[in-house]
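> Next input, structure requested:
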Amino acid sequence: MRSIPPGSPLSVGDVLHHAAFGFATVVAVDPTGASLHWEGSGSLRPSWVSRAALGDAYHQCESGGLLALTVRDLEHARRLLRADVACAVGRLLLDVGPAAVDELGEWLATRHLVPREEFPAFWAAQAERLSRDDRFSREGGRWTTAARGTDPSGFPDPSAPKSQPLPPPGSCRASDALDLACGLARALCVLHQEGKTLVASGETPGVPPGEAGAFTRVGAALVAKGQPGGERCADVSAVARILLEQVLGPLPDRSQIPVSEILNCLGELAPELPFELGGPLERALCSETAIRHPDGFSLLHDFETARATHRLREGFPMQPDARIVAGFDSHIGIARALTGQVNQDALLVLGDPECALLVVADGISTATAGSGDLASRLLAQTLTRWWAESAPAVRSASTARVHETIREGLGRANRLILQEAAKAVNGPLAEHVPMGTTLILIITQGNRVHLASLGDSRAWVVGAGGAGGAGGANVLTSDQNLQSQLLREHVSGTDPDWTEERFALTGYCGHLDAFGRPALPPVHTRTFTLLPGEWVVMTTDGFSDYAHPENAGLALLLTSTICAAHGATPAQRAMAIARRLVEASNEGGGGDNVTVLAFTLSTGTTLRPVPRRGGHADTTRDPR
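A predicted model of the protein is given here:
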């Protein structure tokens, strides 16, 4: 170990030693001193040390020495000792200088490498072989390295992990994506601590140099390579794009499709991807730098929060008696109201607080056989009858059975909508565009939420106090349109025609197959546990299209609205949230019908809708 005189260079990651306090890792450096992370616990050890104090009482461990290795990775140091005792002892001598046998034993014991009582036998077995090794010498009973230098190259580590590039795009399993995200963000933090960036000044944000080549894997850790200068927020977009490519495979060129639009179809492209990852990705790839993470530290916070929330959710016990409270509002849209159009949305809340059915539907306005408002109304009527039949069995059904029951109900609605469309034109539908509707359907079993969706209406889960799984709000649904189909083709290796009308719906109720027969399209389903304090917000696309142009902005609006909402009861707060989100859609232009349904877990009151004219709904309270 060497002293630290004034002006001596220090870097993040250096290991320091204090005779009384022990070992610490440098986590930040400035001209006046260094911030330290101490090994072990203890309240008296300083978190920041001045340059003067560093020179008076601290020593810097050799970067390739054994002591620094025990601080950074104790298991690696133990593997090294087992694999090559001479290498381990040589690297210890690089740190401590000439040392007697008992001094070496004390260091090995205090660093938890060889127990004190076992050291005499350990050394007796190694001493003769070490004495024949010309890399060592003994002077006056003290062992030292023959070169007397601090270069560890004379003692190569046979157990050292080799640096390897990231695997090719598409190699990461969706279930491992959160771990990879945290690893990438942590490596980016180290780079930012060193004053470097991935993306050089003048490069296009979100396009990493050499793609994933900026990162390598060394053992279990990821290491980033960079250069001085550049914008940290551009690095954040680069890391998000690398993560997406590791999960999905090569992404389309930015000129073909903005990466933010890929996120709208993420549930279709990677169904097993934890939805908690969506919020941080939306924020990291947002075009507005005021919303995007400013640096790797903010990104790591969101990724780690996402991982912790996902793990909590996965292990959280089911509460069959947990109850929900809901609020909702609907509006024709301020711009549409001026043209005399009708509200084609519908909503439905049935059941009881412990087992409820909640539906938001958006009729498709391009129909030539029937109308969008009729389609959404037929859906609500059909599901009302279906729920009366199915609710008793659904209350205790398995996830697979709930999903099967939902498909049965939607299949029934799909057939009825097409039958009524044929009646509307008094004949076959071959020459017509039959009416249809998108939808989000949720069934709750206590704190268990079963979601099904068709089309481009969206649902979010928003964390307690606005500090949710990551970035505040995470999208639960996935757009079902031609764009998601083109993206699936691209991911599978084909070259789709990006000039097609990408936003034409492929998922909706009122669907015919290629032969003109009623056929329900694949339903996007998801089941998860709603944590205490979280909200689920279901909306038609009048909200996502007008309240803000990007999902990251919508997430901020959702979290701020929920944090700011007030009410004497949970039901009144839920209603206030729904009203404010509808108002935000109208403030953004109100070019489409907008419906919002928000619910959370509560032991208070629940809401029951009473339909009224104009597409709105009144509520009555059930004070159970």
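> can we go C-alpha only for contacts and neighbour counts from here?
Noted.
> List the residues that contact Val537.
Ala459, Trp460, Val461, Val462, Val596, Leu597, Ala598, Phe599 (Cα atoms under 8 Å, 6 or more residues apart in numbering).
> again, 10 Å this time
Residues near Val537 by Cα atoms under 10 Å, 6 or more residues apart in numbering: 326-328, 458-462, 473, 475-476, 558, 574, 577-578, 581, 596-600.
> Just the buried ones from these?
Judged by neighbour count, with 16 or more other Cα atoms under 10 Å as the criterion, the buried members of these are 326-328, 458-462, 473, 475-476, 558, 574, 577-578, 581, 596-600.
> Just the ones in helices from those, please.
Leu558, Ala574, Ile577, Ala578, Leu581 (DSSP state H).
> quick one: which two of the residues you listed are the most distant?
The span of those, defined through Cα to Cα, is set by Leu558 and Ala574 at 12.3 Å.
> Spit out the residues that contact these two alike.
With the criterion set as Cα under 10 Å, 6+ apart, the overlap between the contacts of Leu558 and Ala574 is Trp535, Val537.
> how about the strands of the stretch 251-400 of the chain, start to end?
Residue ranges of the strands in the stretch 251-400 of the chain, as given by DSSP state E, counting those that start in this stretch, are 324-331, 345-352, 355-363.
> quick one: which of those strands is nearest Gly170?
strand 355-363 (34.6 Å).
> Partner strands of the closest one, with direction?
Here strand 355-363 has these sheet partners by DSSP bridges: strand 345-352 (antiparallel), strand 437-445 (antiparallel).
> Out of those, which is closest to Gln193?
Shortest separation from Gln193 across the strands paired with strand 355-363 is recorded for strand 437-445, at 44.4 Å, computed as Cα to Cα.
> Report the mean confidence score over the closest one.
Strand 437-445 comes out with an average pLDDT of 97.
> burial of the closest residue in space to Glu272 that isn't next to it in sequence, as a residue count?
Distance criterion Cα to Cα, 6 or more residues apart in numbering; nearest residue to Glu272, sequence neighbours excluded, is Ala174 at 5.6 Å. The local packing of Ala174 (other Cα atoms under 10 Å) involves 18 other residues.
> Leu248 is in contact with Ala174, correct?
Yes: taking Cα atoms under 10 Å as the contact criterion, Ala174 and Leu248 are neighbours in contact, 8.6 Å apart.
> Overlap of the contact sets of those two?
Among the neighbours of Ala174, those also in contact with Leu248 (Cα under 10 Å, 6+ apart) are Ala270.
> quick check: angle from the longest helix anywhere in the chain to strand 437-445?
Longest helix in the chain by number of residues (criterion: DSSP H): helix 399-425. With axes from the mean of the first three to the mean of the last three Cα atoms, to 10 degrees as the criterion, the two stretches helix 399-425 and strand 437-445 enclose an angle of 150 degrees.
> returning to that earlier point: switch the ones in helices among the buried ones among the contacts of Val537 over to JSON lines; also include pLDDT.
Below are these laid out as JSON lines (pLDDT from 0 to 100):
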{"residue": "Leu558", "pLDDT": "95"}
{"residue": "Ala574", "pLDDT": "94"}
{"residue": "Ile577", "pLDDT": "96"}
{"residue": "Ala578", "pLDDT": "97"}
{"residue": "Leu581", "pLDDT": "97"}
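> what residue ranges in the chain are flagged as low confidence?
Screening the chain residue by residue with the criterion pLDDT under 70, one finds the ranges 41-43, 147-153, 157-163, 201-213, 218-220, 464-471, 603-624.
> tell me the residue furthest from the middle of it?
For the chain, the residue at maximal distance from the C-alpha centroid (Cα atoms, centre = their mean) is Gly140, at 60.4 Å.
> and that residue, what is it in contact with?
Neighbour list for Gly140: Pro98, Ala100 [criterion: Cα under 10 Å, 6+ apart].
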